[in-house]
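[1] Attaching a predicted model along with its sequence, questions to come.
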Amino acid sequence: MDTAAAGLEVERVHVWRGDRHVLKGVSLQLGSGELLHISGPNGTGKTTLMRVVCGLLRPEQGTVAWRGQSIAQVPEQYQAALAYASHEPALKGDLTALENLRFAVGLKRRVTAAELTAALERTGVAACADLPARVLSAGQRRRVAMARVLAMSASLWLLDEPFTNLDAAGALLMSGLLQAHVEGGGSALVVAHHDLEMACAIRRLELNG
Amino acid sequence: MRVGLWEAFGLIVRRELCLSFRRPDQLSQPLVFFLIVTTLFPLGLNLQLSLLRDMAPGVLWVAALLSSLLSLEALFKSDADDGTLEQLALSGQGLNVIVVAKTFAHWLVTGGALVLVSPVVGTALGIPVGAFATMMLSLGLGTLTLSWLGAIGAGLTVGLKRGNVLLSLIVLPLAMPLLIFGAAATDRAISGVSPAGALYFLAALCVFTCTLAPFAATVALRITLE
C-alpha cells in the first residue's frame, strides 16, 4: 500500500524545547487500517510528537504529511480527518457531557443529538449525558472524551494515554473501540505506557530520548 | 458534512454564552465592580452636582475600562487550562473564526452588559438624560474596541500563570485613545455640544481594531499554543 498517499507520513522531525533536543529525527508512517503504538519512558517526547502530528506544534525540521500533502498546506482538510484526545479529557466542567460533545463535534461536522447519545452509549456513559462534566469521575470523563472521538467519525485517531483512569472494563472497551476502528479501515496513533493487548496487528515505535 | 463558517461562528458564540450564564458570579463581577467604583466617587468626594458632572465622563470611562479588563484574562485562559482550546484549534474551523467568535461573545456579556447598566451609573453621576444615548453609544464602541485589544493581550498572556497584570500593562496604554475620545464624546453631550467628532474617532478606532486585531490575536494565540 502506498502510505504516502493513503495516510500519515512523518519524516525526520526535530523539535527543540529551549536547549533540549526533544525529538531527534523521528519518522513514522501510518496507513489506513493500521495502529501504531508509541511508547517510551517519561520525558522522551511522546506527547510532543503527538502535538507535532496534530499540527499544534511546528517542528524545527522535518515534515508531517497527510495523503501526500504537508499538513501546513491543508490544515482544514487534515483537521477534519483527525480526532485528537489529549491526556486531559478537555471537557468544560460547567457544560453537560452531551453539550460538551455537541459544541466540540458540531464544529467538525453536522451532527444530531441522537448520534451524540449513541456515541455516549457506546462508551457506557449515556446515563451521564445530562450531568455537568465537573461532577463526573475521572474515568467517566475519559469515556466522554472517547465518545467525542467516536462522534467525530474521523479516519485518523490520535490518542494520548487513552487508558489513563479507566477501570478494567473501561480498558477493555477502549481496546475494542480501537480494534473496531482499525478493522473498519481507520488508522490510529496511540501513546501509552503499557502494552496494548489487541487481536489486531499493532506496529510499535519506541522513543528513547 | 462540513460545517460552514457562520454556523461555526454561531455555535461558538452559543457555547460561550452558555458557559457565561452557567457562572453568574463571574458574569456579574465586572458589572458590580463598575457600579461600585462609579458610586464611590460621589460618596467619597462630596462634590456639588456641577463639579460631579464635570468629572462624570472621566470617572465613567476609567471605571468602564478597568471593569472590562477584569474579565479579559479569562477570554482564552479557562479553555487553555482545561485543554478545550486545543480541541477548538483542531476543529477544522481555523483559529481566526474561533478568536472572532469568542471575542464577540465576550463583548456581549461584558461590554454589552456594561452599556445596558450605564444609565444607572449616569444617573448617579448626574449625567443628564439627554446625554445617555451618546454615553451608551460611545461606551459600546469603546468596549468593543477594548475587547479586541484585550484579545491580543489575552492571546499573548494565556500561557502565563498570573498574566493579569501583564495583560493590563499591554492593553491600558493602547486604550488611552478610547478614554480620551470616549470621555470627550460624553462630556460634549453633557454640555450640549455635538459629540459627532469624538464619536467618529471612536467608530474609526473600532473599525480599525475589528479589522486588524483578529489577525494579531490569532497569531498571538497560535504562538502560545505551541
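    Done, it's in. All figures in this text were calculated on a predicted structure; none of them were measured in a lab.

[2] Residue A:85 reaches residue A:163, doesn't it?
    No: the pair residue A:85 / residue A:163 is not scored as a contact, 11.1 Å apart, by C-beta atoms under 8 Å. Where you see a C-beta, it was placed from the backbone N, CA and C, and this is true even at glycine.

[3] Which of the two has more residues huddled nearby?
    Between residue A:85 and residue A:163, counted using other C-beta atoms under 10 Å in any protein chain shown, the more crowded position is residue A:85 (23 against 16).

[4] Read off the pLDDT value for that one.
    At residue A:85, the model reports a pLDDT of 95.

[5] so what's it bridging to?
    Beta-bridge partners of residue A:85, counted by DSSP bridges, are residue A:159.

[6] what separates it from residue B:216, distance-wise?
    Using C-beta to C-beta, to the nearest Å, residue A:85 is found at 31 Å from residue B:216.

[7] With residue A:52 as the reference, measure out to residue A:14.
    The gap separating residue A:14 from residue A:52 is 10 Å, by C-beta to C-beta.

[8] mind listing the strands for chain A?
    A:8-17, A:20-30, A:35-39, A:61-66, A:69-70, A:82-85, A:156-160, A:187-191, A:203-206 (DSSP state E).

[9] Contacts for the shortest one, please.
    Going back to what we said before, that points to strand A:69-70. Contacts with strand A:69-70, where a contact means C-beta atoms under 8 Å, 6 or more residues apart in numbering or on different chains, come from A:63, A:64.

[10] how about 7 Å then?
    Here strand A:69-70 makes contact (C-beta atoms under 7 Å, 6 or more residues apart in numbering or on different chains) with residue A:63.

[11] by contact count, what packs against the longest helix seen in chain A?
    The single longest helix within chain A, with elements called by DSSP state H, is helix A:168-183. In terms of contacts (3 or more C-beta pairs under 7 Å, 6 or more residues apart in numbering or on different chains; DSSP states H and E), helix A:168-183 is packed against helix A:138-151, strand A:187-191.

[12] how about that helix: buried residues?
    Neighbour-count burial for helix A:168-183, counted by 16 or more other C-beta atoms under 10 Å in any protein chain shown, picks out A:170, A:171, A:173, A:174, A:175, A:177, A:178, A:179, A:181, A:182.

[13] just checking, the fifth one touches residue A:195?
    No: under the criterion of C-beta atoms under 7 Å, residue A:175 makes no contact with residue A:195, lying 11.0 Å away.

[14] Just the C-alphas of stretch A:85-99, formatted as CSV.
    Listed in CSV are the C-alpha atoms of stretch A:85-99, where the atom choice follows Å, rounded to 0.1, in the frame of the first residue of the first chain:
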residue,chain,number,x,y,z
ALA,A,85,-7.7,13.1,22.5
SER,A,86,-5.1,14.7,24.7
HIS,A,87,-4.0,13.3,28.1
GLU,A,88,-6.6,15.7,29.6
PRO,A,89,-10.2,14.9,28.9
ALA,A,90,-10.7,18.5,27.6
LEU,A,91,-14.2,18.9,28.9
LYS,A,92,-15.9,22.1,30.2
GLY,A,93,-17.0,21.4,33.8
ASP,A,94,-20.0,23.7,33.5
LEU,A,95,-21.4,22.0,30.4
THR,A,96,-23.1,18.7,30.4
ALA,A,97,-21.5,15.7,28.8
LEU,A,98,-23.9,16.0,25.9
GLU,A,99,-23.3,19.8,25.5
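
[15] picking that back up, out of residue A:14 and residue A:52, which sits in the more crowded spot?
    residue A:52 (24 against 15).

[16] about what we covered before: what's the offset of the longest helix of chain A from the middle of its chain?
    13 Å (C-alpha atoms, centre = their mean, to the nearest Å).

[17] any idea of the mean pLDDT for that helix?
    93.

[18] And the contacts of it?
    Contacts for helix A:168-183 (C-beta under 7 Å, 6+ apart): A:33-35, A:123-124, A:139, A:143, A:146, A:150, A:157, A:162-163, A:166, A:188, A:190, A:196-200.

[19] filter the residues you listed to the buried ones?
    Among the contacts of helix A:168-183, those buried by neighbour count (16+ other C-beta under 10 Å) are A:33-35, A:123-124, A:139, A:143, A:146, A:150, A:157, A:162-163, A:166, A:188, A:190, A:196, A:200.
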